[in-house]
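Visitor: Coordinates only, no sequence provided:
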């Protein structure tokens with residue numbers, strides 16, 4: 001007889017059924033290890049699937065009650081350890097339940113379900129929960145950016161382009177820009193969440209089941225917004241994994257860029273900010289070394305994001321159904337990336353308020369390297385009526401003179417402007433001293449842009465902060481609603497199981 005003794009059940013793939021020999025132990029161990037990150041999600045699916053089967057009268061209610069009672073029991077004693085000991089990877093519950101209760105009970109668990117929809121659902125559930133956590137961390141980082149921006153409305157500093165001083169801005173303006181960046185990251189995450197939060201349960205291997213499974217009920221019990229409509233699409237399409245990778249790749253690129261800004265500003269050459277000691281490391285040989293290593297690690301995660309996305313794209317371009325096993329490589333990369341992204345968002349949220357900005361040096365540097373050149377050209381346009389390009393070229397010559405003669409912008413005179421104008425078109429321009437001095441003032445440069453919607457003037461940055469704060473409140477509410485629906489589903493699953501067990505306990509147990 002080929003039927004395994006229930007107490008020694010070792011899975012549907014045992015030797016002597018479809019295959020003549022068993023898998024090598026190393027391969028079986030590898031598949032079990034690959035299932036490890038999915039087990040918590042698989043466990044929830046097992047419970048929801050059993051409850052749905054019992055409610056639809058597709059399996060004996062007493063058998064469902066025994067199985068659900070056992071699954072709750074191992075949660076108390078250590079679910080993951082119990083399932084790992086049972087073996088079978090994503091089918092470990094079936095191993096455990098058949099061994100404990102026999103085929104007449106445990107043999108019902110897999111009705112209408114396959115390894116494929118089991119894995120597809122667990123993958124979506126893990127993605128969903130990770131995105132919820134990442135969205136929450138992103139809103140927290142946005143809040144920190146906006147708070148700090150409000151504290152630095154008047155902290156003038158140089159804006160940089162191509163590594164050089166470009167135009168004067170404020171630290172508040174820069175931080176408001178970062179809040180806007182992370183607002184888009186949240187939006188992308190929420191869009192992906194809505195596509196991911198659909199249930200493949202009941203799709204089986206591609207055609208669904210000839211048993212009348214209630215796919216909507218299983219989706220409801222697990223907190224999904226509904227089932228994936230097409231059963232083939234539900235289990236054979238994993239573009240939602242690409243969704244997660246794309247969201248996280250862009251998000252980690254943004255986090256790495258913010259980290260790079262802070263790293264650059266913390267160098268001895270810039271000395272605009274000091275990173276607190278607890279975010280730094282030192283060197284085993286260079287006694288003076290003080291490295292903001294936490295920020296450097298964030299750049300590595302950004303690189304890993306792109307590597308994981310590339311892996312996932314290469315896997316998913318295979319013919320439909322040809323890549324079921326290969327997908328494990330992408331999922332392992334995604335699990336690491338989700339954890340590292342969440343870690344870095346939380347670290348950055350903790351770091352931002354604790355950075356020590358040297359606002360005096362920032363203001364000094366803002367006027368030292370011709371960030372205000374555009375304003376001098378503007379003064380020529382406004383006071384002397386010169387065409388913009390003419391004014392631009394004269395100031396270009398003026399800056400070159402200063403470089404050649406070792407003059408700082410603060411040492412420029414109206415005579416030197418005239419000398420540049422004569423070289424350009426043989427006539428002096430006679431820019432007034434007051435207009436020149438006003439144009440050379442970085443603080444005035446910032447406030448002169450008060451009429452520019454979105455510019456660095458304190459009044460406008462204040463409005464930007466208010467607007468960004470309003471969208472932050474909206475997004476916090478969106479996240480709270482999504483998280484609440486998942487938590488309500490978890491409570492509903494727990495209550496449904498409790499009701500079934502209460503009903504079963506009032507009757508004599510028919511199975512030993």
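Guide: Thanks, I have it. Only a predicted model underlies this, so the values are computations on that prediction, with no experimental measurement involved.

Visitor: In this structure, which helix is the longest?
Guide: Selection of the longest helix in the chain by residue count, based on DSSP state H, yields helix 458-505.

Visitor: What is that helix packed up against?
Guide: Contact partners of helix 458-505 among helices and strands, from 3 or more C-beta pairs under 8 Å, 6 or more residues apart in numbering; DSSP states H and E: helix 39-55, helix 61-77, helix 115-151, helix 171-196, helix 215-221. C-betas here are computed from N, CA, C, even on glycine.

Visitor: Out of those, the one nearest residue 472 is which?
Guide: Comparison of the helices and strands packed on helix 458-505 against residue 472 by C-beta to C-beta identifies helix 115-151 as nearest, at 5.3 Å.

Visitor: partners of the helix or strand following that closest one, with directions?
Guide: Per DSSP states H and E, the first helix or strand lying C-terminal to helix 115-151 is strand 156-161. Sheet pairing for strand 156-161, assigned by DSSP bridges, gives strand 164-170 (antiparallel).

Visitor: quick check, distance from the strand it pairs with to the centre of its chain.
Guide: Computed by C-alpha atoms, centre = their mean, to the nearest Å, the chain-centroid distance of strand 164-170 equals 30 Å.

Visitor: tell me the angle that strand makes with helix 115-151.
Guide: 70 degrees (axes from the mean of the first three to the mean of the last three C-alpha atoms, to 10 degrees).

Visitor: in strand 164-170, what counts as buried?
Guide: 165-170 (16 or more other C-beta atoms under 10 Å).

Visitor: Which one of these is nearest to residue 196?
Guide: Closest to residue 196, out of all of these and judged by C-beta to C-beta, is residue 169, at 37.9 Å.

Visitor: ok, now how distant is the closest one from residue 438?
Guide: 18 Å (C-beta to C-beta, to the nearest Å).

Visitor: coming back round to it: present the buried residues of strand 164-170 as JSON lines; the columns should include distance to residue 405 and pLDDT.
Guide: Putting those into JSON lines (distance: C-beta to C-beta, whole Å; pLDDT from 0 to 100) gives the following:
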{"residue": "165", "distance to residue 405": "19", "pLDDT": "95"}
{"residue": "166", "distance to residue 405": "23", "pLDDT": "96"}
{"residue": "167", "distance to residue 405": "23", "pLDDT": "97"}
{"residue": "168", "distance to residue 405": "23", "pLDDT": "97"}
{"residue": "169", "distance to residue 405": "28", "pLDDT": "98"}
{"residue": "170", "distance to residue 405": "31", "pLDDT": "98"}
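
Visitor: my read: residue 345 touches residue 137, true?
Guide: Yes. At 3.8 Å, residue 345 and residue 137 qualify as touching, with contact defined as C-beta atoms under 8 Å.

Visitor: Tell me who's in contact with residue 427.
Guide: Residue 427 is in contact with residue 421, counting by C-beta atoms under 8 Å, 6 or more residues apart in numbering.

Visitor: Pull up the per-residue confidence for it.
Guide: pLDDT recorded at residue 427 is 97.

Visitor: again with the one 10 residues further on
Guide: You'll see residue 437 listed with a pLDDT of 97.

Visitor: For residue 409, see how far away it is.
Guide: Counting by C-beta to C-beta - residue 437 and residue 409 are separated by 11 Å.

Visitor: How about residue 160?
Guide: From residue 160 to residue 409 the distance is 17 Å (C-beta to C-beta).

Visitor: The two: who's more crowded?
Guide: Each of residue 160 and residue 409 has its neighbours counted (other C-beta atoms under 10 Å); residue 409 has more, 20 against 17.
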